[in-house]
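In: structural data only, the sequence is not supplied:
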């Protein structure tokens with residue numbers, strides 16, 4: 001009987017404790033918690049780096065495309081021809097460096 005009276009008198013304190021525990025649990029480990037925040041921040045940094053890398057590759061491809069399409073650059077075409085088809089002239093000596 002005494003235990004029931006104690007709980008009746010202090011139910012506001014218990015309710016506050018449970019609510020505080022619930023809030024702290026969600027702040028630390030919930031979907032919008034601290035751990036989730038740092039995981040999402042790391043993911044964002046990786047995606048930003050990947051985006052910059054892709055933008056550089058796109059700029060290189062656009063530059064190569066411009067060299068081929070607008071004014072035909074014969075030197076660039078010769079480089080592509082030699083790299084892709086692995087061809088050379090008869091009087092040339094090929095030295096592979098790797």
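Out: Noted; the coordinates are in hand. Since we're looking at a predicted model, the values are computed, not measured. Numbering: from 1, shown residues only.
In: show me where the protein has its helices.
Out: Using DSSP state H, the helices of the chain run over residues 2-9, 11-29, 34-69, 74-85.
In: any idea how far the helix or strand of the chain with the lowest mean pLDDT is from the chain center?
Out: Sorted by mean pLDDT, DSSP states H and E, the helices and strands of the chain end with helix 2-9, the least confident at a mean of 74. A distance of 55 Å separates the C-alpha centroid of helix 2-9 from that of its chain, computed with Cα atoms, centre = their mean, to the nearest Å.
In: one more: stretch 8-17?
Out: Taking mean C-alpha positions (Cα atoms, centre = their mean), stretch 8-17 and its chain are 47 Å apart.
In: look up how far residue 77 lies from residue 19.
Out: With distances defined as Cβ to Cβ, to the nearest Å, the gap from residue 19 to residue 77 amounts to 73 Å. Heads up, the C-betas are built off the backbone N, CA and C, glycines and all.
In: no no, residue 64
Out: Between residue 64 and residue 77 the distance is 11 Å, computed by Cβ to Cβ.
In: residue 18 now?
Out: 75 Å.
In: ok, residue 96 next?
Out: Following Cβ to Cβ, the distance that separates residue 96 from residue 77 is 22 Å.
In: what about those two, which has more around it?
Out: Using other Cβ atoms under 10 Å, the more surrounded residue of residue 96 and residue 77 is residue 77, with 12 against 4.
In: give me the most central residue, this protein.
Out: Centre of the chain computed as the mean C-alpha position; nearest residue by Cα atoms, centre = their mean is residue 47, 1.9 Å away.
In: tell me the spacing between it and residue 41.
Out: The spacing between residue 47 and residue 41, counted by Cβ to Cβ, is 11 Å.
In: one more: residue 72?
Out: Summarising the geometry, the distance separating residue 72 from residue 41, computed by Cβ to Cβ, is 47 Å.
In: try residue 79
Out: 42 Å.
In: who's more crowded, those two?
Out: Neighbour tally, residue 79 and residue 41, criterion other Cβ under 10 Å: the higher count belongs to residue 79, 13 against 10.
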